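> A structural model of the following input is requested.
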Amino acid sequence: MTVVGIVAALILLLVLGTFAYAFVTLPDPSRLDLAGGDIQIVDRHGTPIEQRNAEGVRVIPVKLSEISPNLQNATIAVEDRHFYQHHGVDWGRVIKAGIVDVITRRPQQGASTITEQLAKIAILQSPKKTILRKLREAMVATALESKYSKPEILRLYLNSIYYGHGATGVEAAAEVYFGKHAKDLTIGEAALLAGLPNGPSYFDPTLHKERALARQAVVLDAMANNDMITTAQAEQAKNEPLKFVFKENRTSQAPHFVDYVFEQLESTYGPSVVAKGGFVVKTTLDLNLQKAAEQAVAVGQQKLGRLGADNGDFLAMDPKTGEILAMVGSADYLNNDIKGQFNVVTALRQPGSSFKPYAYEQAFRSHTLTMGNMLDDTSRHFAGGQFHDFDFRDMGMITAHQALLLSRNIPALETMQAAGVDNVVNFAHDMGITTTLKSEVTTAIGSSEVRLLDHAVGYGVFATGGMRHDPVSVLEVKDKDGNTLDKPNTSEGKRVISAQEAYLITYILKDYSSQWNLGWNKPFAGKSGTTNNYRDAWMMAYTPNLVIGAWVGHTGPGNQDMNGVYGTMVGSSVLKDFINNGLTQAHFSVETFKRPDGLIDGPPCASNASASPSSSPSTSPSASSSSSSEKELYLPGTECKAAPTPSPSPSPSPSPSDLLSPLPSILPSLTASPTPAASSTPTPSGTPAPTPS
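Numbers count the residues shown, from 1 in each chain. A predicted model of the protein is given here:
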């Protein structure tokens, strides 16, 4: 009982001390500052990238009578429906949020009232989320309620909240988004604006229109549930066409990256705190590499534009830290025809054959397959569908090494099946893919959509010898006087695979540039990807200290398919310019690959039980013939015996130049099956044709 009493006394003393400290250091509640401070975004060397909301130019305070009642009601409905009942703190919401957070074991429910948010925005102005700050918010909110009436608090809040696109306050937001005054907003427009402060970047209608409209629907339903409008009015407003104008002047050296950084900042500190500004954000970006990336994308558009490629992106990342060094989200940020403000680096696209390394790595690490095992490159059925390769040719029995290097599709499907579809899917998630992947064999050849940002993390695991580092964009946040407000902790990364397992893929892909004549003058490993009808063309590449990736496609008016743009063409244009010219101009030195200890040299396998029987005799004995002279690498205990020299075949085999030559678009398979044949374009890539409804 004595011990319990002492512990209870110490806890009580700690709580009282916290309250006392919060009260003593409490800012003056009467000091309301509605002017927006500037936010400076700089690169890793301190060079300015962009400055936002300088001198509060987007703050236009107005009276409450000059703000549409629709917007007032929409804001109260979605942010604080008990606004007129509480005295600064809604204790019911606090208790509910606490219970939910305990059950889910993470902060999931928000409980801040409009008054507390005003205290945070206009008085406390701290970007850090702490218990002490929440306590101060409650104290200041209570003081504000005793000093100002409810209409005055609502007016102050609506004039100080951030709505995105540099607009602080509802009058500025109405002008930026709809080109009208706040008093003239319709129900639909008011609901959309009321939903933005929860995440101005996340719900930005220029970048994420579906998210913005979904959030608008939430606001309208809340208004209807609180009898502010009828259900019929809510449904009518949901169907109301919104005419955006986006009156915004902006100068930025990396607009897509800055948008991405702001989304991260808003997620960490809250959108209102970020919008209030008054601090400097030191980011991971290297402006020298950013300029090189922009130039590379421009080169790609110049060379591939005549084939229908009107858009492209680029990403460079340090695989040892996850730090983003360059990000080009589209070919032209200001080009609305191609939806230029949409960041394709964070968008979902089919990766084509650039997904194959995950399937092969899972097979290697599980000892289901080795790079020296023989696979059957012969057209056949998988999962109820007839499949053939991109060149309509069968190479017969080839090594897994050759199959990945030559990007053969049938062996990739065979590998996926042998390794286990769900095993590969789970492994890809461990590597860094955050999106849902279809539990289908065709995922091996890129039928499931991924983000380039995630893909770079996955390839970074190969680059670092098995360590995963998730994306990082912010290094430090300082106030205007240079004092450090926050410095995110550096992650040590997560071990996903061993160095030996990772090097197996690198050993194969380090020869990709020479195999496909990409023209790189630095030692990058790489893998391309192309989807059906040339809709997406990818090229991924890496060294131990740099991962890069690029995509090209057609996002403008007309047919979304390109005219014969392969992933290898992205490699020989976009990546070639960045590797050969950009890195040199940026004075960036790439590291060379080092083989880890613990791998066994050996010849290809003579045969293996996992190789599927061919439905017809191989017409390409040269493949197995050439494999007999290759040196393969094996994990200890998995090495194979030498393959015998094959007998001469009466059928001539295609030469490497024949295999890599451009071919016309793939025709549908003539073999009847429940689903159409998976096919891919004539490049080291491909995804199956979409299943018809």
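
> What ranges in the stretch 101-250 of the chain fall below the confidence cut-off?
Counting by pLDDT under 70, the stretch 101-250 of the chain has low-confidence residues at 101-111, 121-136, 248-250.

> Just the helices from it, written as ranges.
114-119, 131-147, 150-160, 170-178, 187-195, 209-225, 231-238 (DSSP state H, counting those that start in this stretch).

> so which of these gets nearest Gly372?
Of all these, the one in closest proximity to Gly372, counting by CB to CB, is helix 209-225 (47.5 Å). The way it works is simple: take the backbone N, C-alpha and C, and place the C-beta from them, glycine included.

> buried residues in that closest one?
For helix 209-225, a neighbour-count test (16 or more other CB atoms under 10 Å) marks Ala212, Leu213, Arg215, Gln216, Ala217, Val219, Leu220, Asp221, Ala222, Met223, Ala224 as buried.

> now stretch 409-429
Here stretch 409-429 shows 409-421, 423-425, 427-429 as buried, counting by 16+ other CB under 10 Å.

> Ile433 belongs to a helix, doesn't it?
No. Using DSSP: H, G, I helix; E, B strand; the rest coil, the assignment for Ile433 is coil, not a helix.

> Phi first, then psi, for it.
When read as degrees, to the nearest 10, the backbone of Ile433 gives phi -70, psi 120.

> Mind checking the helices of the stretch 101-250 of the chain for the one nearest to Gly300?
That would be helix 209-225 among the helices of the stretch 101-250 of the chain, by CB to CB, at 26.7 Å.

> Now do that closest one and helix 187-195, the angle between them.
Using axes from the mean of the first three to the mean of the last three CA atoms, to 10 degrees, the inter-axis angle of helix 209-225 relative to helix 187-195 is 100 degrees.

> going forward can the numbers begin at 108, since that is how I track them
OK, 108 is where the count begins now, so the last one is helix 316-332.

> what's the spacing between helix 316-332 and its chain's center?
How far helix 316-332 lies from its chain's middle: 25 Å, per CA atoms, centre = their mean, to the nearest Å.

> which helices and strands does it pack with?
helix 176-186, helix 294-302, helix 338-345 (3 or more CB pairs under 8 Å, 6 or more residues apart in numbering; DSSP states H and E).

> Quickly compare those helices and say which is most buried.
Highest mean neighbour count of the helices and strands packed on helix 316-332: helix 294-302, a mean of 28 (counted as mean count of other CB atoms under 10 Å).

> Need the residues that contact it.
Contact with helix 294-302 is made by 175, 177-178, 180-182, 184-186, 270, 277, 280-281, 284-285, 292, 310, 312, 319-320, 322-323, 325-327, 330, 336, 340-341, 343-345, 347, 349, as judged by CB atoms under 8 Å, 6 or more residues apart in numbering.

> What of stretch 431-451?
Outside stretch 431-451, the residues within contact range by CB under 8 Å, 6+ apart are 313-314, 361-364, 366-367, 391-393, 396-397, 399-401, 404-405, 408, 417-425, 452-453, 559, 578-580, 653, 658, 660, 662-664.

> could you redo the last one with a cut-off of 6 Å?
With contacts defined as CB atoms under 6 Å, 6 or more residues apart in numbering, stretch 431-451 is touched by 313-314, 362-364, 391, 393, 396-397, 400-401, 404, 408, 417-425, 452, 578, 580, 662-663.

> re earlier: can you list the buried residues of helix 316-332 in a markdown table and add distance to Tyr467?
Formatted as a markdown table, the buried residues of helix 316-332 follow (distance: CB to CB, whole Å):
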| residue | distance to Tyr467 |
| --- | --- |
| Ala319 | 40 |
| Leu320 | 41 |
| Arg322 | 41 |
| Gln323 | 45 |
| Ala324 | 44 |
| Val326 | 48 |
| Leu327 | 49 |
| Asp328 | 48 |
| Ala329 | 50 |
| Met330 | 54 |
| Ala331 | 53 |
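
> Which of those sits closest to Asn640?
Top of the list for closeness to Asn640, among the buried residues of helix 316-332 and by CB to CB, is Leu320 at 29.2 Å.

> Tell me, how many residues neighbour Lys601?
By other CB atoms under 10 Å, 13 other residues sit near Lys601.

> Quick check: closest non-adjacent residue to it.
Leaving aside its chain neighbours, Lys601 sits nearest to Arg575 (4.7 Å; criterion: CB to CB, 6 or more residues apart in numbering).

> And for Ser461?
Ser461 sits nearest to Gly636 (CB to CB, 6+ apart), 3.3 Å away.

> Who does the one you found form a beta bridge with?
Listed beta-bridge partners, Gly636: Trp645 (assigned using DSSP bridges).

> Surely it touches Arg456?
No. Applying CB atoms under 6 Å, one finds Gly636 not in contact with Arg456, separated by 9.6 Å.

> who's more crowded, those two?
Just comparing Gly636 and Arg456: by other CB under 10 Å the higher neighbour count belongs to Gly636, 34 against 21.

> give me the low-pLDDT residue ranges for the stretch 608-757 of the chain?
714-737, 748-757.
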